[in-house]
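K.L.:
A predicted structure for the sequence below; I have some questions about it.
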Amino acid sequence: MNSRPDFAAIEAFARVAETGSFRAAALALSAPVSTVSVQVSRLERRLGARLLERTTRRVRLTEEGREYLEKVRAGLDALTEAERVVSSRGSEARGRLRVAAPVEFGQAVFGRVLGRYAKECPGVAVEVELVSERVDPVRDGFDVVIEVEPCDSASLVARKLGAPSRRRLVASADYLARHGVPAHPRELSRHTCLVMGTRREAATWRFTRGGTKLSIVHRHATANSWALLRDLTVAGCGICCLPDYLAAPAISEGKVEEVLAAYVMPAEQMYAVYPRSQHVPTRLSTFVAALRDFLEVWPGCLPKPPPRT
């Protein structure tokens, strides 16, 4: 006997047993009578037992049929309930959502976003892991990963989150008083530049002004933490290029000043990356939408371009 259950045949048998008629069962299943009859006969052959006594007037369960119906009815009810639960979750945000994001970005953003999301979707249990290295949502078991430069993979979907975030070149007033304020990117060669990364990585700051592009390569001190670089900048250790979600608060609090503001630096685009699937769970789509909506109006992001007229 094939070890895999024939669920269509089992359901056909159960409907015939419940209605007492092949015709009534066929109507309930929206199938031809002949199909229902073939399915029940196939099930009897598979089991090696007669489940129904057929007469010209009625259909009656055999002893084996009554015992089999009693056993399979609970399974069919469980399958029906499982479909109901999963189907309801398809339209309602429920379940566990595992999220990974860069440490400093998560610290700056997630407190506000998750507070709102918890009120809108109380049925979702969000598990956040802040990471300092690239992670893969499939390999590492995350529902969604927030990152700046998503890898190009056919198995993943990358959705833009809001508008790009600016970068700003900043330094403390104390540092600028001691070393002077640079008037041109080339003057950075005379300053202590605090750079994200390691000594093994390239360190290039790119500037644009009036269509002219400049690339300045300088490295005087490095760290692999944006928060540490911000703190070093506030402490007067040098000039640093910070993402605006770290630079803007420090500027507004008077801890640092922007330098070379007339020169535009490349913006960072954040992405939500998740496994490609035909059906995206509601808990995931609502979370991505909440994060995207927040970043659309976040002060650290560039304004949307005006509509074309």
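P.N.:
Arrived safely, thanks for sending.
K.L.:
C-alpha from now on. contacts and neighbour counts both.
P.N.:
Noted.
K.L.:
Compute the distance between G95 and A78, please.
P.N.:
According to Cα to Cα, to the nearest Å, G95 stands 19 Å off from A78.
K.L.:
Who has more neighbours out of the two?
P.N.:
G95 (15 against 12; other Cα atoms under 10 Å).
K.L.:
Number of residues surrounding the nearest residue to the more buried one once chain neighbours are set aside?
P.N.:
Counting by Cα to Cα, 6 or more residues apart in numbering, V124 is the residue found nearest to G95 once chain neighbours are left out, at 5.0 Å. Counted with other Cα under 10 Å, residues neighbouring V124 total 20.
K.L.:
In this model R283 seems to touch V124, though I could be wrong.
P.N.:
Yes - using Cα atoms under 8 Å, V124 makes contact with R283 at a distance of 6.6 Å.
K.L.:
tell me, what's touching the two both at once?
P.N.:
93-95, 97 (Cα atoms under 8 Å, 6 or more residues apart in numbering).
K.L.:
between those residues, which has the most around it?
P.N.:
Within those, neighbour counts (other Cα under 10 Å) peak at A93, which reaches 22 neighbours.
K.L.:
hang on, the earlier thing: which ones are touching the residue nearest to G95?
P.N.:
Counted by Cα under 8 Å, 6+ apart, V124 has contacts 93-97, 118, 283.
K.L.:
If we use 10 Å, what do you get?
P.N.:
Going by Cα atoms under 10 Å, 6 or more residues apart in numbering, V124 touches 92-97, 117-118, 282-284, 287.
K.L.:
C121 now?
P.N.:
When contacts are counted by Cα under 10 Å, 6+ apart, C121 is found next to 92-94, 114, 282-283, 286-287.
K.L.:
Of those, which belong to helices?
P.N.:
114, 282-283, 286-287 (DSSP state H).
K.L.:
any chance of the shared contacts of V124 and R283 in a markdown table, plus pLDDT?
P.N.:
Below are the shared contacts of V124 and R283 laid out as a markdown table (pLDDT from 0 to 100):
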| residue | pLDDT |
| --- | --- |
| A93 | 75 |
| R94 | 79 |
| G95 | 86 |
| L97 | 91 |
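K.L.:
List the ones among those residues that fall in strands.
P.N.:
Counted as lying in strands by DSSP state E, out of those, are 95, 97.
K.L.:
Can you add distance to V109 and give the shared contacts of V124 and R283 back as JSON lines?
P.N.:
Below are those laid out as JSON lines (distance: Cα to Cα, whole Å):
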{"residue": "A93", "distance to V109": "21"}
{"residue": "R94", "distance to V109": "22"}
{"residue": "G95", "distance to V109": "22"}
{"residue": "L97", "distance to V109": "17"}
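K.L.:
Thanks a lot, see you next time.
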